[in-house]
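Peer 1: Provided below are the primary sequence and the corresponding predicted coordinates.
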Amino acid sequence: MENATKVFSESKQEKDLHAKERAMDEERTELMAKVGHLTIENDWFKKKYGQVLGSDWETKSSKKNDKLSVTKQCQLLEINRTSFYYMPVEQDRDRENEIKNRLDY
């Protein structure tokens, strides 16, 4: 009976081992979360890459439905956010030609 406490109590080595296991589990959880986040970014980039090469940003990005913020999207594509929101204006060819014709005469 005197040694019963030794049988049921953890030694210092066992306590250290359990502490290291808990630390490794926490680190594993953090790394898995990071992998999940990077997977989302990678999937988004693959999906959007072909669309970004087009001319109309508004139809390419569903800002409300994406899992990534506009800021993060722009960081991944290495563009300014102002470029993201920029909507090009079509040139008025008729007006331009009229001005050119006046200048020619």
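Peer 2: Yep, it's here.
Peer 1: quick check: longest helix of this protein.
Peer 2: helix 12-52 (DSSP state H).
Peer 1: name the helices or strands packed onto that one?
Peer 2: For helix 12-52, the packing partners by 3 or more C-beta pairs under 8 Å, 6 or more residues apart in numbering; DSSP states H and E come out as helix 57-60, helix 70-77. In this view, the C-beta of every residue, glycine as well, is placed from N, C-alpha and C.
Peer 1: Ranked by average pLDDT, which of the ones you listed falls at the bottom?
Peer 2: Within the helices and strands packed on helix 12-52, confidence is poorest for helix 57-60, with a mean of 48 (mean pLDDT).
Peer 1: I figured residue 72 was touching residue 45, is that so?
Peer 2: No. With contact defined as C-beta atoms under 8 Å, residue 72 and residue 45 do not form a contacting pair (10.4 Å).
Peer 1: give the contact list for residue 40.
Peer 2: 67, 68 (C-beta atoms under 8 Å, 6 or more residues apart in numbering).
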